[in-house]
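Participant: Could you work out the structure for the sequence below:
(2 chains)
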Amino acid sequence: MREIVKKATRESFGEAVTALAAENPNVIVLDADLAEATKTGIFKKAYPDRFIDCGIAESNMIGIAAGLATCGKIPFAASFAMFSAGRAFEQVRNSVGYPHLNVKVVGSHAGISVGEDGATHQCCEDIALMRSIPGMVVLNPADHYEMQAAVKAAAEYVGPVYIRLGRLAVESVHNNEDYHFELGKGITLRDGKDVTLVATGLMVGEAVKAADSLKQAGISARVLDIHTIKPLDTQLILKAAEETGLLITVEEHSVIGGLGEAVSSYLSEVRPTKVVKMGVNDVFGHSGPAVDLLKEFGLCAEAIEEKVKKALKA
Amino acid sequence: MNAEERRQLEITAVKVRQGIIEGVFHAKSGHPGGSLSSAELFTYLYFKEMHIDPKNPKDPDRDRFVLSKGHCAPGLYAVLAQRGYFKEEELQKLRHIGAMLQGHPDMKGTPGVDMSSGSLGQGISAAVGMAMAGKLDGKDYRVYALLGDGESEEGQVWEASMFAGHKKLDNLCVIVDFNGLQIDGPVSQVGGPEPLDKKFEAFGFEVTTIDGNDFDEIEAAFQKARACKGKPFAIIAKTVKGKDVSFMENQVGWHGKAPNAEEYEIAKKELKAKLEVLEHA
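Facilitator: Numbers count the residues shown, from 1 in each chain, chains lettered A, B, ... in the order given. Just a heads-up that it's a prediction; the model follows:
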């Protein structure tokens, strides 16, 4: 077992991209005046010459990243998800996605766990936006160890990748020494036969907690960590649908266009299965401490347990 | 340049215009006006200014060109064909299903296209990124971005310009084809982007304003750009939209439509006559 680490994935990202730079001279990091928050500041300190602060101009940052990529660089362009995936959506689509350039778009402070800053900064649409772009890989790692592996994999993969980072510190769940990350391959964290919790990002830890608690109540819940939302691990999803029937997707993202819809859309064609979507239910967030907001929006272990019990009764 | 060199460039510019008319006519759509206005700029860049090799279009040390006003792809394609990146016959398949030449530039499919573009305001940022890469790698290639005057109404143009000025990207040359017209009318009435020279100066550029259909002035401007150190350079190129096709000149309606068969014949005849005069000069 590895040490349990409690850390925000933004910090794990900052460390991982800095470690990567030592091995690969083509790694460049761009930010838009948020280096302290996105944790690209760690890279900036270690490699000032390979760090480009674009100022508060995210659209231009994505374009610059595209230009750098045409010259063989591997740019990681970071801002809050609201801005890198949201504001600069069309730049990501046309300047990065269409030419399939090797740009890694990084969206930090995703979801409602941004907390006190409130709705304008709580981006719950980034996964929907990014997965709608042809050829875009969409990653939403769950913890410190997974983020480290995901950053490395993103750099090795040639093509556009979106990486979602969280602000809130989260306890690691991938503490096994034999943990293996592969793009597009989900991870079974708990086996089970009554229901499958299909979770991503911050919600993976909550799903594990819920499953462990449900076990005490005699309910056997499988937990899948879907770190790659696109391409989706359809094999693992199908197997779960076949073996457990009911699936509950859990994501800190709108129920529109995210993991839940990706899973539902796939299963509806190949094996119609009941999929209950947990996420942000087509509403804006608001200010408040992150943990309280997550509870309020039903994005915590207790809410997952309740949802499972209710769904199994239905 | 001497008179003979100028005559050769003028001949090539007519051929580029012929390629534009061929492409747009056979596509039955596209943007002739701004393609024609930029013909001398395209010609000078690809035949005199840039260090490029059509046989090695991905050479990492080449100069780069980004058509930020991507809708003027017929002009870019015509000059690339003239320069030998691909066969001229491709121009007649422009915008057809399965064709190499897309409605807007596609770097994945077309040799010689350094950046996909078409959504206005985005190409200049990519050019800035290429210029940054050159600085990071200590390479001496230069990067050129051709913008439209109407395009300069996009805020991203100024985000990119602020960055380029701030970073002192003297390997970057921005050219604005100032033909004075955009889809909804004269730029002075629609978006009012002027004064562009003062704007670029304020963003840290050295600027020159020229007649963008005159090769001597174009050459002088690019020489100034090369000599400029510690600053990016902007050329405001005043041009005639639809240049050298009589019924298209300065007509806003020819921004984005194809000539019909009759108009095509007139355009061809006019350009052929111009070519004959130059060839026998």
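
Participant: tell me the pLDDT at whichever residue of the stretch 151-300 of chain A sits closest to chain B?
Facilitator: Of all residues in the stretch 151-300 of chain A, the one sitting closest to chain B is A:Gly159 (11.6 Å; CB to the nearest CB). Quick note: C-beta positions are derived from backbone N, CA and C, even for glycine. pLDDT for A:Gly159: 98.

Participant: now A:Ala211
Facilitator: A:Ala211 carries a pLDDT score of 98 in this model.

Participant: now swap in A:Val27 and tell me
Facilitator: Looking at A:Val27, its pLDDT reads 98.

Participant: residue ranges of the helices in the stretch 1-150 of chain A, please?
Facilitator: Assigned by DSSP state H, counting those that start in this stretch, the helices in the stretch 1-150 of chain A fall at A:9-23, A:35-38, A:41-46, A:58-70, A:81, A:89-91, A:126-131, A:144-156.

Participant: And the stretch 151-281 of chain B, by the same measure?
Facilitator: With helices called from DSSP H, counting those that start in this stretch, the stretch 151-281 of chain B shows them at B:155-166, B:187-190, B:196-202, B:215-227, B:261-279.

Participant: Could you do the stretch 1-150 of chain B as well?
Facilitator: B:3-27, B:32-37, B:39-44, B:73-83, B:122-137.

Participant: picking up where we left off before, wait, isn't the residue of the stretch 151-300 of chain A closest to chain B in contact with A:Ile133?
Facilitator: No: with contact defined as CB atoms under 8 Å, A:Gly159 does not reach A:Ile133; the gap is 11.2 Å.

Participant: residues in contact with B:Asp53?
Facilitator: B:Asp53 makes contacts with B:59, B:62, as judged by CB atoms under 8 Å, 6 or more residues apart in numbering or on different chains.

Participant: mind redoing it with 10 Å?
Facilitator: By CB atoms under 10 Å, 6 or more residues apart in numbering or on different chains, the contact list for B:Asp53 reads B:59, B:61-62, B:83-85.

Participant: Now do the same for the residue lying closest to A:Leu259 once chain neighbours are set aside: helix, strand or coil?
Facilitator: The shortest distance from A:Leu259 to any non-neighbouring residue, by CB to CB, 6 or more residues apart in numbering or on different chains, is to A:Glu251 (4.5 Å). Assigned by DSSP: H, G, I helix; E, B strand; the rest coil, the conformation of A:Glu251 is strand.

Participant: And A:Glu251, how far from A:Phe297?
Facilitator: Distance, A:Glu251 to A:Phe297, using CB to CB, to the nearest Å: 11 Å.

Participant: shared neighbours, these two?
Facilitator: Common contact partners of A:Glu251 and A:Phe297 (CB under 10 Å, 6+ apart): A:111, A:124, A:278-280.

Participant: Where do the strands of chain A begin and end?
Facilitator: For chain A, the strands defined by DSSP state E occupy A:6-8, A:27-31, A:51-53, A:74-80, A:104-108, A:137-139, A:161-164, A:169-171, A:187-190, A:195-199, A:221-225, A:228-230, A:247-254, A:275-280.

Participant: could I get those strands as JSON lines with mean neighbour count?
Facilitator: Shown next, in JSON lines, are these (neighbours: other CB atoms under 10 Å in any protein chain shown):
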{"stretch": "strand A:6-8", "mean neighbour count": "16"}
{"stretch": "strand A:27-31", "mean neighbour count": "27"}
{"stretch": "strand A:51-53", "mean neighbour count": "19"}
{"stretch": "strand A:74-80", "mean neighbour count": "30"}
{"stretch": "strand A:104-108", "mean neighbour count": "30"}
{"stretch": "strand A:137-139", "mean neighbour count": "27"}
{"stretch": "strand A:161-164", "mean neighbour count": "30"}
{"stretch": "strand A:169-171", "mean neighbour count": "17"}
{"stretch": "strand A:187-190", "mean neighbour count": "19"}
{"stretch": "strand A:195-199", "mean neighbour count": "30"}
{"stretch": "strand A:221-225", "mean neighbour count": "26"}
{"stretch": "strand A:228-230", "mean neighbour count": "24"}
{"stretch": "strand A:247-254", "mean neighbour count": "28"}
{"stretch": "strand A:275-280", "mean neighbour count": "22"}
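
Participant: nearest to B:Ala227, of the ones you listed?
Facilitator: Within the strands of chain A, the stretch nearest B:Ala227 is strand A:51-53; the backing value is 26.8 Å (CB to CB).

Participant: For that closest one, name the packing helices and strands.
Facilitator: Judged by 3 or more CB pairs under 10 Å, 6 or more residues apart in numbering or on different chains; DSSP states H and E, strand A:51-53 is in contact with strand A:27-31, helix A:41-46, helix A:58-70, helix B:122-137, helix B:155-166.

Participant: Would you tell me which one of these is buried the most?
Facilitator: Burial of these is given as mean neighbour count (mean count of other CB atoms under 10 Å in any protein chain shown); helix A:58-70 ranks first at a mean of 31.

Participant: From the chain's centroid, how far away is that helix?
Facilitator: Centroid separation between helix A:58-70 and its chain, computed with CA atoms, centre = their mean, to the nearest Å, is 22 Å.

Participant: In stretch A:145-162, which residues are buried?
Facilitator: For stretch A:145-162, burial by neighbour count (16 or more other CB atoms under 10 Å in any protein chain shown) applies to A:145-155, A:157, A:159-162.

Participant: Contacts only, for the residue nearest to A:Ala119 when sequence neighbours are not counted.
Facilitator: Nearest residue to A:Ala119 in three dimensions, chain neighbours excluded: A:Phe284, at 4.1 Å (CB to CB, 6+ apart). Contacts for A:Phe284 (CB under 10 Å, 6+ apart) come out as A:112, A:118-120, A:122, A:124, A:254.

Participant: Give me the buried subset of those.
Facilitator: The neighbour count (16+ other CB under 10 Å) marks A:112, A:122, A:124, A:254 as buried among those.

Participant: tell me the two of the contacts of A:Phe284 that are most distant?
Facilitator: Farthest-apart pair in the contacts of A:Phe284 is A:Gly118 and A:Ser254; separation 16.3 Å (CB to CB).

Participant: Tell me which two in the contacts of B:Asp53 are the farthest apart.
Facilitator: So, the contacts of B:Asp53 by CB to CB: farthest apart are B:Asp61 and B:Gly84, at 19.1 Å.

Participant: hmm, back to that, out of the helices of the stretch 1-150 of chain B, nearest to A:Met203?
Facilitator: Nearest of the helices of the stretch 1-150 of chain B (CB to CB): helix B:122-137, 34.5 Å.

Participant: What average pLDDT does that closest one get?
Facilitator: Mean predicted confidence for helix B:122-137 is 98.

Participant: again, but for stretch B:235-248
Facilitator: 98.

Participant: Which positions in it come out as buried?
Facilitator: Those would be B:235-245, B:248, for stretch B:235-248 by 16+ other CB under 10 Å.

Participant: Closest to chain A out of those residues?
Facilitator: B:Ile235 (19.7 Å).

Participant: Go ahead and confirm that closest one touches B:Ile218.
Facilitator: Yes: counting by CB atoms under 10 Å, B:Ile235 does reach B:Ile218; the two are 8.0 Å apart.

Participant: Can you give me every residue that contacts the residue nearest to A:Gly115 when sequence neighbours are not counted?
Facilitator: Nearest residue to A:Gly115 in three dimensions, chain neighbours excluded: A:Ala290, at 3.9 Å (CB to CB, 6+ apart). Going by CB under 10 Å, 6+ apart, A:Ala290 touches A:111-116, A:122, A:166-169, A:202.
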